[in-house]
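S.K.: model this:
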Amino acid sequence: MLHFFRPLTRPVTYTRWLHLCIPIAFVAIWLFIDMERVYIVALLAVPVGLVPAVRLEEGMQAQLLLTPDERGKPDASIAVAPAATWRDRWRTVLWLEARLLLSGLATMVSVWLPVTAVDLISQASGAAPTDPTVLGDWEPHWWYALLAVIPIVVLLACFVVLGELVTFLAGRLLGPSPTERLTALEERTEQLLERNRIAREIHDSIGHALTVAVVQAGAARAAGDPEFTERALAAIEETGRAALDDLERVLLVLRETGQPVSQRPTLDESDRLLESARASGAKVEAEMTGALELVPGPVSREGYRILQEALTNVLRHCGPVPVRVRIAVLAQRLEMDVTNPLTDGTASTGQGGSGLRGIRERAALLGGKAKTGPFEGEWRVRVRLPLNGLR
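M.R.: Have a look, this model is predicted:
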């Protein structure tokens, strides 16, 4: 019994009933024009439903009154968009016809059942019924008052059943089309990819800065030289400022303020990465050939992050060791190699970390390849990125 009454405590049950009764207002207006040919209202629904904007209006109204919990959700069962295809237009026409039919049924139930309950009570008291056609020639009896509960129960049941029925039809006829579902899925995929990219940005930038700061602080403490400590503090300050700039760019994206995002660093700015590594005590030998400024923007930006993570990996796991960096811009591809000697116990350090995995993911996204691991007694990060192979 409680299961039956539970839907009656939900506000959406009554907003659905309101949605069912709204079309009767238009039918009532037509009755003032032509009371005999009410069917013309159903015929007028055909050209009205073919207007693309009508689907948008019906979707907004249905989502507001039938499924208010889904408002603003990307996976809502009722779409809020104008008709994009003829299939959507004819589905809108079918929805309008079904809505008129259910509206007429709901109005009839809303009027006839309460009148029946009142007439039963009137008959029980011996008074004249409100509508003699409802009970006919029934003789008045006191127990008719007990039967008056039945029409009210049926009316409440109709509230729930017809509300569920119109919501089901709205989901079928006003729901997203396959094209709209695919578009929503693509947008959701883009959002997930953007979040993954932001996570990599934070890992690469902040991880690099913290690694440099830790190495510098440890070297300064071990050296015990005031002059070296001064240089180390300056390097930590410079690296921290650069990390804050990168963090601000990422936070602007996360806040979605609509402000233009600062240009992400490219390989043209790779000197600051090399200087940061040198300031940490690493002896960096760099060989750069070709015009870095001609590298396409996406390749250059991701190449900067790959170089950043490769140097961070060296400092984090091997310390200030000699590092060889080679960047070559060829006719069809960009080649990057970062090599450093392995120290004791570091042959496999970091091989399965998220940073190196991020290098491989970035390279794959650009249509290239990345190999990381020990090679002839050294640790090597070898990356090949096509200049025209973006996917």
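S.K.: rest of the way, CA atoms for contacts and neighbours
M.R.: Will do.
S.K.: I'd like the next helix or strand past the helix or strand bottoming out on mean pLDDT in the chain.
M.R.: Confidence across the helices and strands of the chain bottoms out at helix 132-135, with a mean of 54, counting by mean pLDDT, DSSP states H and E. Where DSSP states H and E defines the elements, the next helix or strand beyond helix 132-135 is helix 144-147.
S.K.: which strands and helices sit next to that next one?
M.R.: Applying 3 or more C-alpha pairs under 8 Å, 6 or more residues apart in numbering; DSSP states H and E, one finds that helix 144-147 contacts helix 86-125.
S.K.: for the helix it packs on, which positions count as buried?
M.R.: Under the neighbour-count criterion of 16 or more other C-alpha atoms under 10 Å, helix 86-125 has 88-100, 102-104, 106-107, 109-110, 113-125 buried.
S.K.: again with stretch 46-54
M.R.: Of the residues in stretch 46-54, 46, 48-54 count as buried by neighbour count, 16+ other C-alpha under 10 Å.
S.K.: which residues are in contact with that stretch?
M.R.: 55, 81-84, 86, 89-90, 92-93, 96 (C-alpha atoms under 8 Å, 6 or more residues apart in numbering).
S.K.: just give me the least confident of those residues.
M.R.: Among these, residue 84 carries the lowest pLDDT, at 80.
S.K.: mind listing what residue 336 touches?
M.R.: With C-alpha under 8 Å, 6+ apart, residue 336 has these contacts: 307, 325-328, 381-384.
S.K.: that one should be in a strand, yeah?
M.R.: Yes - under DSSP: H, G, I helix; E, B strand; the rest coil, residue 336 sits within a strand.
S.K.: measure the closest residue to it other than its chain neighbours to residue 365 for me?
M.R.: Take residue 336 and drop its neighbours on the chain: the residue closest to it by C-alpha to C-alpha, 6 or more residues apart in numbering is residue 327, 4.6 Å away. Residue 327 sits 19 Å away from residue 365, going by C-alpha to C-alpha, to the nearest Å.
S.K.: who has more neighbours, these two?
M.R.: More neighbours surround residue 327 than the other of residue 327 and residue 365, with 20 against 16 (other C-alpha atoms under 10 Å).
S.K.: can you give the domain ranges for the protein?
M.R.: As given by automatic domain parsing, the domain ranges for the chain are 2-176, 182-386.
S.K.: by mean pLDDT, show me the worst of the ones you listed.
M.R.: domain 182-386 (a mean of 77).
S.K.: what helix or strand does residue 270 sit in?
M.R.: Counting by DSSP H and E, residue 270 is found in helix 270-279.
S.K.: what's in contact with that helix?
M.R.: Contact with helix 270-279 is made by 212, 216, 231-232, 235, 239, 283-284, 304, 307-308, 311, 315, as judged by C-alpha under 8 Å, 6+ apart.
S.K.: about what we covered before: what's the closest of the contacts of stretch 46-54 to residue 296?
M.R.: Within these, proximity to residue 296 (C-alpha to C-alpha) peaks at residue 84, which comes in at 36.3 Å.
S.K.: which element is the closest one on?
M.R.: For residue 84, there is no host helix or strand (DSSP H and E).
S.K.: one more: residue 47?
M.R.: According to DSSP H and E, residue 47 maps onto helix 40-49.
S.K.: can you check what angle separates that helix from helix 86-125?
M.R.: Relative orientation of helix 40-49 and helix 86-125, computed by axes from the mean of the first three to the mean of the last three C-alpha atoms, to 10 degrees: 150 degrees.
S.K.: in strands only, show me the contacts of residue 336.
M.R.: 325-328, 381-384 (DSSP state E).
S.K.: counting neighbours, which of those comes out on top?
M.R.: Highest neighbour count within those, by other C-alpha under 10 Å: residue 381, with 25 neighbours.
S.K.: all strands of the stretch 201-350 of the chain, in order?
M.R.: 284-289, 323-329, 333-341 (DSSP state E, counting those that start in this stretch).
S.K.: how about the ones you listed in TSV, adding distance to residue 17?
M.R.: Output for the strands of the stretch 201-350 of the chain, formatted as TSV (distance: least, C-alpha to C-alpha, whole Å):
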stretch	distance to residue 17
strand 284-289	73
strand 323-329	68
strand 333-341	65
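S.K.: of all those, which one is nearest residue 165?
M.R.: Nearest to residue 165, of the strands of the stretch 201-350 of the chain and by C-alpha to C-alpha, is strand 333-341 at 60.3 Å.
S.K.: in its sheet, which strands sit next to the closest one, and in what direction?
M.R.: Here strand 333-341 is paired, per DSSP bridges, with strand 323-329 (antiparallel), strand 378-386 (antiparallel).
S.K.: would a markdown table of these with distance to residue 146 be doable?
M.R.: Converted to a markdown table, the strands paired with strand 333-341 look like this (distance: least, C-alpha to C-alpha, whole Å):
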| stretch | distance to residue 146 |
| --- | --- |
| strand 323-329 | 92 |
| strand 378-386 | 84 |
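S.K.: quick one, which of those is nearest to residue 154?
M.R.: strand 378-386 (71.0 Å).
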